[in-house]
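> okay, here's the prediction I keep looking at, along with the sequence it came from:
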Amino acid sequence: MVSIQSAYKQTISSSLASEALGPPMTTDRWLARFKRQWQLEPLPGNDLLAALSHCNQRAISLNVNRIKGHWVPRRYHPADGTLSLCRPDGRANEPFYDQFVTRSCQRLPVNLLSPRIPIKALEQVHSSCLRRPAGFIAHLSRCGSTWVSGSMAELDRSAVISESPALTEFLLDAQLSEGERQQLLPRLADFHVPGGSATSRPVVKWNAWDLCHWHTVQAAFPDTPVLLIIRHPLEILASHRRQTGRHMSGDPTLASLGPTFRPDHSRNLWELRLRVLRLLMEHMIDICGNENTEVIDYSQISPVTMRDFARHFGFRASKQEMARVHERSAYCAKHPERKFIPDSSMKREGFSSREIEDVERELMPLYCRLMSQTSH
């Protein structure tokens, strides 16, 4: 007879052949099949589902090279330095990586298993086996970056990783040394790419606040082409007024990024957002002079310029791929079920004269400096 821990581990490791997980079926049928297959030892309360859930919460030792591409990151847990995995369901074509994870985790029976591995287990992957990223997308938030990343996802050889929670929580983990971050980050990014195509190259769209860790990103990926996306500050702030982003809300989990992100009860939310956007723009100014870096304003993004972005990342887009890009651009990047409606002029309305003066004083000089670096 086999212990549940041993059966669990062997199922994860052998899942590249898919027989271990089997075809889609009900939970009860799969659990019965799993019991028969492994001839399991008796379980407390005979509750296999609870036992599997318990296994999902504990880090296990696996051959990372063997499971790479067949399991992808679901979430990083800084409390214990572990990485939860899920079985990918094809390509990540959704606007955001966590939506891809949600879709992948809806399938039975694979959603019953979500193994954890220590993040440092990724050290098993030799640097010579890592895919070199095609490019990075960095942005000030609400700048059209999801439009660009979605268009890049239509390219056959791309593997878009759009604002992965695992990547951003990894960068925020204060328990890791700078050396560990730089060593593990390329392996973690590569681990996001589902198997099936050895020629796919990652395109990573970072979260806006990841700009605060750009020294780490740049040190880990010194030669990767970067696209910096900016937008008129009033339009960015209007978008956050309508739906506040994590970094514009005073979220205490971002306090490690510095005093700018720490809630200050003597300041209101408007002042916090001005400070945060100013800091992100300052970080972007520091980056924009680097080699292989291009700056683009939201007003310059179109289905036509997407070909230039693809070329910047080393892709030669075919007519068929560009046709898909044009078709996707007709819909809202974050909500693909909706038609795209331009809203820039509308977003600049509704601000008080004092707020406009604040933006003119605090942000417009930085925005003008960034605009001077645009190439379109």
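Done, it's in.
> how does this structure divide up, domain by domain?
1-58, 62-371 (automatic domain parsing).
> show me how far the last one is from its chain's centre.
Same thing as domain 62-371. 5 Å (Cα atoms, centre = their mean, to the nearest Å).
> what is the end-to-end distance of that domain?
Domain 62-371 has an end-to-end distance of 48 Å (Cα to Cα, to the nearest Å).
> so which of the domains of the chain is the most surrounded?
Compared across the domains of the chain, domain 62-371 shows the largest average neighbour count, a mean of 18 (mean count of other Cβ atoms under 10 Å). Quick note: C-beta positions are derived from backbone N, CA and C, even for glycine.
> compare the domains of the chain and say which comes out lowest on pLDDT.
Mean pLDDT per stretch puts domain 1-58 lowest among the domains of the chain, at a mean of 80.
> can you give the distance of that domain from its chain's centre?
30 Å.
> how about the helices in the stretch 101-250 of the chain?
Residue ranges of the helices in the stretch 101-250 of the chain, as given by DSSP state H, counting those that start in this stretch, are 145-152, 165-172, 178-191, 214-220, 233-242.
> let's have those helices in a markdown table, adding distance to R267.
Shown next, in a markdown table, are the helices of the stretch 101-250 of the chain (distance: least, Cβ to Cβ, whole Å):
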| stretch | distance to R267 |
| --- | --- |
| helix 145-152 | 27 |
| helix 165-172 | 23 |
| helix 178-191 | 30 |
| helix 214-220 | 25 |
| helix 233-242 | 15 |
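> out of those, which comes closest to K347?
helix 233-242 (3.9 Å; Cβ to Cβ).
> same for the following helix or strand past the closest one, what does it pack against?
Moving toward the C-terminus from helix 233-242, the next helix or strand (DSSP states H and E) is helix 269-287. With contacts taken as 3 or more Cβ pairs under 8 Å, 6 or more residues apart in numbering; DSSP states H and E, helix 269-287 sits against helix 214-220, strand 226-230, helix 233-242, helix 353-362, helix 364-371.
> one more time with 7 Å, if that's ok
strand 226-230, helix 233-242, helix 353-362, helix 364-371 (3 or more Cβ pairs under 7 Å, 6 or more residues apart in numbering; DSSP states H and E).
> what's it in contact with?
140, 208, 211-212, 214, 226, 228, 233, 236-237, 240, 247-248, 250, 260-261, 293, 355, 358, 362-363, 366-367, 369-370 (Cβ atoms under 7 Å, 6 or more residues apart in numbering).
> what does stretch 244-258 give?
141, 172, 174, 208-209, 212, 240, 261-263, 272-273, 276.
> pull the most distant pair out of those.
Between all members of the contacts of stretch 244-258, the farthest pair (by Cβ to Cβ) comes out as A174 and H240, at 26.0 Å.
> quick one: residues contacting the one residue sitting closest to the centre of the chain.
The chain has S164 as the residue nearest its centroid, 2.0 Å off, counting by Cα atoms, centre = their mean. By Cβ under 7 Å, 6+ apart, the contact list for S164 reads P73, Y97, H192.
> my read: the first one touches H192, true?
Yes: contact criterion Cβ atoms under 7 Å: P73 and H192 qualify, at 5.8 Å.
> roughly how far does the nearest residue to H192 once chain neighbours are set aside sit from V276?
Leaving aside its sequence neighbours, H192 sits nearest to I161 (Cβ to Cβ, 6 or more residues apart in numbering; 4.7 Å). To V276, I161 is 24 Å away according to Cβ to Cβ, to the nearest Å.
> can you pull the contacts of R157?
Contacts for R157 (Cβ under 7 Å, 6+ apart) come out as T199, S200, R201, F315.
> quick check: of those, which lies closest to R29?
The closest of the contacts of R157 to R29 turns out to be S200 (Cβ to Cβ; 33.9 Å).
> that closest one and E123, how far apart?
23 Å.
> how many residues are close by S372?
S372 has 9 neighbours, counted by other Cβ atoms under 10 Å.
> pLDDT score for it?
At S372, the model reports a pLDDT of 95.
> please tell me how far the residue nearest to the centre of the chain sits from G144.
Using Cβ to Cβ, S164 is found at 19 Å from G144.
> kindly report the same for Y298.
From Y298 across to G144, the span is 4 Å (Cβ to Cβ).
> overlap in contacts, the two.
Common neighbours of Y298 and G144, counting by Cβ under 7 Å, 6+ apart, are I229, R231.
> wait, isn't F340 in contact with E327?
No: contact criterion Cβ under 7 Å: F340 and E327 do not qualify, at 11.3 Å.
> returning to that earlier point: need the helices and strands packed on helix 269-287 in a markdown table with distance to G135, can you?
Shown next, in a markdown table, are the helices and strands packed on helix 269-287 (distance: least, Cβ to Cβ, whole Å):
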| stretch | distance to G135 |
| --- | --- |
| strand 226-230 | 6 |
| helix 233-242 | 22 |
| helix 353-362 | 30 |
| helix 364-371 | 19 |
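> on that earlier part again, can I get the contacts of R157 in CSV with distance to E180?
As requested, those are exported to CSV (distance: Cβ to Cβ, whole Å):
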residue, distance to E180
T199, 30
S200, 27
R201, 25
F315, 32
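> of those, which belong to strands?
Those of the contacts of R157 mapping onto strands are R201, per DSSP state E.
> mind listing what F315 touches?
The neighbours of F315, taking Cβ under 7 Å, 6+ apart as the test, are A134, L155, R157, S158.
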